[in-house]
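K.L.:
no letters, just coordinates:
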């Protein structure tokens, strides 16, 4: 099958997960041409990573996943073992820039020929390992014993009378993850924000290498703790696609229950924190109380407050009995009622709305340019949700039967991201009721015999946006390469734009309204 | 304003008794709280440092401030700077990229100071261990007083750990 009139043959990935087609680009020019066609058709750059295939195919491989109307197109480009380079895609998709820099830091394959010169600054490599050592190469060794040198980073300088810089981080004022923000300001107004991330890079991708399929899911569930269900499901889905296995219908229902409970838990916490960041401590208290009730039922029903390690390749690690399902339905009614009352209070609170409205606004054109997905994209009016039907796209089970209604808002500001969170809570509560009542009978886990040399891609609509996991197995059926992709990769650069022209004191509020993952990005 | 006040009234005070405050444990908790006051004056100030966690531990640290656990009710609060802190609450594993910042935060914390290593990763390196990118446990980088394992540890376990550290 071909897409967008480009001469690349794609083949559909097996299995019942999200629709994915795999293809190979003959050369760099074919890749660039395909990327241009995707951008023109308002498609997205969904993920980009590299793999060392020298033992199997004599060289390296670049993997680029594009988001199309019909699903995802996973394109690979083989690169030579000596001086592996590929065309810079950041002129077509700005979100490619950091992904390319990370790929060079970890695999040692580099983008070249960008329109303004390719950004040569390292991204995840701060100084803990040398520039000519690449952790994801098979002959790299463990890499213990390098001197951990602090490195300088060439931030883009903003000049002019009255312009100055505010450096923030890596340790931030609140209980949040570390990263560095460099604000260039005049007075209070932000002229430019430049992020430097990678502080929580803990070598996740290297740790996957050589693990068996069951060990892998435990690690996948710890890529970003707040999205543990999304990552575990995406990983399981990739493994199942690679090995031609299908989880039983009851397992899919249980996974969906967990994913939606994860979405509601995070949205409840964010809505409280957003109220608090705008000075309404009442909102934080109320929403944190609801979130705690929610987490306690997780602990009771799933044996873990965040449902870690409850999704396995082949299905789910537990089953729910009728009383547990009834408790879930009952809680949906209570939380729905309370959240509706709190929404009314938020909507009618003039001080709160004054802070929310117009702050951190981005429009749909910018969301498209940065290949944004998830709630931040939907808050600009884009109807993008891997769980929902759209023109030319049928979601995978169990979503297809549920008729998921994506929440959208066209304002693109903090207020819109608040509104989308409220709407998604109510929709998730509806889905949870339907899932709990209509959970199919049967087994909760199928065998997944590893298929040596196979590969697959899993896509799950996490609470933040689209979570992707690419998997390939080695000749012994163990993991050769796993690449998890967090939607924050696309949203971090969009946040740099959202904050421009707002004032520094609004940054915490705007930042929280995106609530991006550092760990999921830094890996 | 009126709906908000009505909601506050209807919600009431949901704060729960401190951990193990049942029967014979109640005296012990009261003694610990007395000790906190004696040792630290009227309060304990905590600076949380995420030195590389997956952010799971942070979710439970947030929960310490929810109205059920109500940490501030014990006179324990989170502060924005290590210079204001009596205790560092550190989640790990400590990445190589965060090791310098963690050491700097520890240096800035005035003596006498306490360090709590949080979570399986903070205690041992957890699933991430030691690697080209990870120093592993918090104690590999700064001295640790008390360890609170768990993936992530529950708010109750964190609270017990904080009380245990203060008791030392």
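P.N.:
Okay, I see it. Computed from a predicted model, the values in this text were never measured in an experiment.

K.L.:
unless I'm mixing things up, residue A:199 is touching residue A:521, no?
P.N.:
No: in this structure, residue A:199 is not within contact of residue A:521 by Cβ atoms under 8 Å, at 10.3 Å. Where C-beta positions appear, they are placed from N, C-alpha and C, glycine not excepted.

K.L.:
which residue packs closest to the closest residue to chain A within chain B, ignoring adjacent ones?
P.N.:
Chain B approaches chain A most closely through residue B:56 (2.6 Å), counting by Cβ to the nearest Cβ. Closest residue in space to residue B:56, ignoring its immediate chain neighbours: residue A:225 at 2.6 Å, by Cβ to Cβ, 6 or more residues apart in numbering or on different chains.

K.L.:
now for residue A:207: which residues touch it?
P.N.:
Neighbour list for residue A:207: A:219, B:127-129, B:131 [criterion: Cβ atoms under 8 Å, 6 or more residues apart in numbering or on different chains].

K.L.:
could you look up the SS state of it?
P.N.:
Three-state assignment for residue A:207 (DSSP: H, G, I helix; E, B strand; the rest coil): helix.

K.L.:
excluding its backbone neighbours, what's nearest residue A:89?
P.N.:
The shortest distance from residue A:89 to any non-neighbouring residue, by Cβ to Cβ, 6+ apart, is to residue A:96 (4.0 Å).

K.L.:
could you do residue A:246 as well?
P.N.:
Once flanking residues are discounted, residue A:246 sits nearest to residue A:16: 5.3 Å by Cβ to Cβ, 6+ apart.

K.L.:
number of residues surrounding that neighbour?
P.N.:
If you count neighbours by other Cβ atoms under 10 Å in any protein chain shown, residue A:16 ends up with 15.

K.L.:
low-confidence stretches in the chain?
P.N.:
Since you didn't name a chain, this refers to chain A. Along chain A, the model assigns pLDDT under 70 to no residue.

K.L.:
oops, I was thinking of chain B
P.N.:
By pLDDT under 70, the weakly predicted segments of chain B are B:18-42, B:168.

K.L.:
residue A:429: what's it in contact with?
P.N.:
Listed by Cβ under 8 Å, 6+ apart, the contact set of residue A:429 reads A:264, A:332, A:335-336.

K.L.:
can you say which of these are buried?
P.N.:
A:264, A:332, A:335-336 (16 or more other Cβ atoms under 10 Å in any protein chain shown).

K.L.:
contacts only, for the residue in the stretch 301-450 of chain A positioned nearest to chain B.
P.N.:
When scored by Cβ to the nearest Cβ, the stretch 301-450 of chain A has residue A:345 as its residue closest to chain B, at 5.5 Å. By Cβ under 8 Å, 6+ apart, the residues touching residue A:345 are A:282-283, B:3-4, B:7.

K.L.:
wait, a strand at it?
P.N.:
No: applying three-state DSSP, one finds residue A:345 to be helix, outside a strand.

K.L.:
can you tell me how far it sits from residue A:282?
P.N.:
Relative to residue A:282, residue A:345 is positioned 8 Å away (Cβ to Cβ, to the nearest Å).

K.L.:
mutual contacts of those two, please.
P.N.:
Listed contacts common to residue A:345 and residue A:282 are B:4, B:7; contacts here mean Cβ under 8 Å, 6+ apart.

K.L.:
would you turn the contacts of residue A:429 into JSON lines with distance to chain B and secondary structure?
P.N.:
Supplementary listing: the contacts of residue A:429 in JSON lines, determined by distance: Cβ to the nearest Cβ, whole Å; DSSP: H, G, I helix; E, B strand; the rest coil:
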{"residue": "A:264", "distance to chain B": "14", "secondary structure": "helix"}
{"residue": "A:332", "distance to chain B": "19", "secondary structure": "helix"}
{"residue": "A:335", "distance to chain B": "14", "secondary structure": "helix"}
{"residue": "A:336", "distance to chain B": "16", "secondary structure": "helix"}
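
K.L.:
quick one: secondary structure of the residue of chain A most remote from its centre?
P.N.:
The centre of chain A is farthest from one residue, residue A:161, which by Cα atoms, centre = their mean lies 39.4 Å away. Put simply, residue A:161 is coil when judged by three-state DSSP.

K.L.:
got it, and the one 4 residues further on?
P.N.:
Of the three states, residue A:165 takes strand according to three-state DSSP.

K.L.:
isn't it right up against residue A:184?
P.N.:
Yes: if you go by Cβ under 8 Å, residue A:165 and residue A:184 touch, sitting 5.6 Å apart.
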